[in-house]
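**Student:** A predicted structure for the sequence below; I have some questions about it.
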Amino acid sequence: MRQFISTGIFLIITWNTVRGQHFTLQSGIKGFFDNREYQNPYDRSQTMFGSGVYSTANLTINEFRFVAGLNIIYEFGHQLEAGLFKPVIYVNYERNYLSFYFGAFPNEFMATFPTVLRSDTFQYYHPTCEGALLEFRQNWGSQSVWIDWLSRQTNSDREIFQIGGTGMLEKGVFFYRHDFIMTHNAYAAIRPDNSYIRDNGGIVASIGADLSNYLFDSITISTGYTMSYDRMRGITDLTFRHGSVSQLYIEVFSFAIRESLYLGDGQFQLWGDRLFRAGYYNRMDLIWHFFRRCNIKGSVEFSLHLVENELDLSQSVKITADLISTKPVKLPD
């Protein structure tokens with residue numbers, strides 16, 4: 001009898017907490033076409049063409065959001081594989097100054113992460129971060145840190161995970177930003193004779209100015225320092241590579257230009273853009289945002305890549321549509 005009363009009280013308290021909150025269904029489509037025509041010795045030509053679809057159920061209770069769903073990626077001309085079905089299962093806690101994610105959640109926060117540290121192709125084939133993200137925010141800046149578990153150790157698969165983060169300080173039009181990443185590439189459970197543990201990582205630290213309130217629709221300029229390190233334990237010593245990276249972004253109406261320049265030692269990131277392995281890399285992107293309305297966006301990019309003495313080209317089209325399929329549904333009293 002006492003157990004029955006305790007259970008009843010618990011259910012009443014839980015229901016009073018939950019009621020009045022809401023439940024939504026959300027879905028979306030992401031399409032990509034990325035054609036890279038390279039002649040340089042650092043990366044190969046390839047065309048990535050496909051689309052992805054996701055659908056999630058979301059339950060919000062006060063500051064908590066519980067999400068479960070599925071993300072599917074299909075690359076045109078290829079076959080569906082088990083690895084392209086990505087579960088989306090996470091809990092999100094939000095306050096004015098803090099965000100916390102735990103589980104398998106969308107990696108949209110990586111959209112502005114430097115490609116020298118992590119290639120933008122991750123957005124195509126690895127749409128979820130499988131781990132955790134913690135971010136602190138104030139009026140003067142923010143700091144985030146995340147962990148992404150890329151591979152669980154099995155008899156044949158290595159244990160691989162990445163830890164990274166982004167920090168910002170802002171004062172007027174000026175800002176300081178740093179991004180870092182660390183990749184741990186360990187053994188498989190049954191270790192082959194020629195295997196090793198690899199330590200790899202790097203940082204980008206830059207200063208700049210955001211003059212968007214004074215010029216054009218958007219204009220940002222920055223310059224800074226980048227470093228990468230790499231070691232194969234028991235085989236090579238820990239080595240460091242240094243360089244500088246500068247960027248300019250200007251947007252007017254629906255058109256934008258993005259210019260970046262890298263100078264220094266050839267960087268080496270296991271999952272970074274391979275073109276930064278050159279000692280000189282200059283990239284110019286011409287961008288047309290041909291559709292930006294509500295939650296539907298479309299853009300076209302034409303890019304020139306000057307890699308040391310080689311001029312290469314790439315073109316891309318990206319379309320995203322994020323739709324809430326139902327209005328918030330109030331749980332009954």
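**Tutor:** Thanks, I have the structure now. Numbers count the residues shown, from 1 in each chain.
**Student:** how about S156, secondary structure?
**Tutor:** The local conformation at S156, judged by DSSP: H, G, I helix; E, B strand; the rest coil, is coil.
**Student:** surely it meets Y187?
**Tutor:** No. Using Cβ atoms under 8 Å, S156 is not in contact with Y187, being 10.9 Å away. In short, each C-beta sits where N, CA and C put it, glycine included.
**Student:** those two: which is more packed in?
**Tutor:** A count of neighbours by other Cβ atoms under 10 Å puts Y187 above the other of S156 and Y187, at 13 against 9.
**Student:** quick check: the gap between that one and D34.
**Tutor:** As judged by Cβ to Cβ, to the nearest Å, Y187 and D34 stand 33 Å apart.
**Student:** ok, now L270?
**Tutor:** 20 Å.
**Student:** and G279, by the same measure?
**Tutor:** 25 Å.
**Student:** on the three-state scheme, the residue nearest the centre of the chain is what?
**Tutor:** Of all residues in the chain, the one closest to the mean position by Cα atoms, centre = their mean is M110, 2.2 Å from it. Three-state assignment for M110 (three-state DSSP): helix.
**Student:** pretty sure V317 is touching F291, no?
**Tutor:** No. Using Cβ under 8 Å, V317 makes no contact with F291, being 11.1 Å away.
**Student:** would you agree F240 is in contact with M227?
**Tutor:** Yes. The pair F240 and M227 qualifies as a contact (Cβ under 8 Å) at a distance of 6.1 Å.
**Student:** who has more neighbours out of those two?
**Tutor:** M227 (17 against 11).
**Student:** that one bridge partners, please.
**Tutor:** I203, H242 (DSSP bridges).
**Student:** how close does it sit to R241?
**Tutor:** The value you get for M227 to R241, if Cβ to Cβ is used, is 7 Å.
**Student:** one more: F113?
**Tutor:** Distance of F113 to R241, computed by Cβ to Cβ: 19 Å.
**Student:** next one: L304
**Tutor:** 25 Å.
**Student:** which one of these two is surrounded by more residues?
**Tutor:** Per other Cβ under 10 Å, whichever of L304 and R241 has more neighbours is R241, with 19 against 14.
**Student:** related to what we said a few turns ago, L270 and D34: which is more packed in?
**Tutor:** Under the criterion of other Cβ under 10 Å, the comparison of L270 against D34 puts D34 first, with 19 against 16.
**Student:** which ones are touching that one?
**Tutor:** T47, M48, F49, T121, Y124, S314, Q315, S316 (Cβ atoms under 8 Å, 6 or more residues apart in numbering).
**Student:** dig out what it forms beta bridges with.
**Tutor:** Here D34, judged by DSSP bridges, has bridge partners M48, S316.
**Student:** quick one: contacts of stretch 153-164?
**Tutor:** 113, 117-118, 131, 145-152, 179-190, 195, 271.
**Student:** return the subset of those lying in helices.
**Tutor:** Among these, none falls in helices (DSSP state H).
**Student:** ChimeraX command to pick out the buried ones of these?
**Tutor:** Here is the ChimeraX command that picks out the buried ones among those, judged by 16 or more other Cβ atoms under 10 Å:
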select :113,117,118,131,146,147,148,150,179,180,181,182,183,184,185,186,271
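**Student:** of the contacts of stretch 153-164, which belong to strands?
**Tutor:** Under the assignment DSSP state E, the contacts of stretch 153-164 contribute 131, 145-151, 179-185 to strands.
**Student:** enumerate the positions of stretch 111-124 that are buried.
**Tutor:** So for stretch 111-124, counting by 16+ other Cβ under 10 Å, buried means F113, P114, T115, V116, L117, R118, S119, T121, F122, Q123, Y124.
**Student:** same check, this time on stretch 265-274
**Tutor:** Counting neighbours by 16+ other Cβ under 10 Å, stretch 265-274 gives G266, Q267, F268, Q269, L270, W271, G272, D273, R274 as buried.
**Student:** contact partners for the second one?
**Tutor:** With Cβ under 8 Å, 6+ apart as the criterion, the residues that contact Q267 are V116, G202, T226, S228, R241, G243, F276, R277.
**Student:** now the third one
**Tutor:** Residues in contact with F268 (Cβ under 8 Å, 6+ apart) are N200, S228, D230, R241, R277.
**Student:** my guess is the fourth one contacts G266. True?
**Tutor:** In this case it means R241. Yes. With contact defined as Cβ under 8 Å, R241 and G266 form a contacting pair (6.5 Å).
**Student:** in three-state terms, how would L275 be classified?
**Tutor:** helix.
**Student:** that one: how many residues sit nearby?
**Tutor:** When neighbours are counted by other Cβ under 10 Å, L275 registers 25.
**Student:** distance-wise, check it relative to Q21.
**Tutor:** From L275 to Q21 the distance is 48 Å (Cβ to Cβ).
**Student:** cool, G272 as well?
**Tutor:** Distance from G272 to Q21, by Cβ to Cβ: 42 Å.
**Student:** any weak-confidence spans in the stretch 151-300 of the chain?
**Tutor:** Across the stretch 151-300 of the chain, nothing is flagged by pLDDT under 70.
**Student:** can you give me the strands in it?
**Tutor:** Ranges of strands in the stretch 151-300 of the chain, per DSSP state E, counting those that start in this stretch, are 160-171, 174-185, 198-210, 218-232, 239-252, 255-264, 280-293, 296-307.
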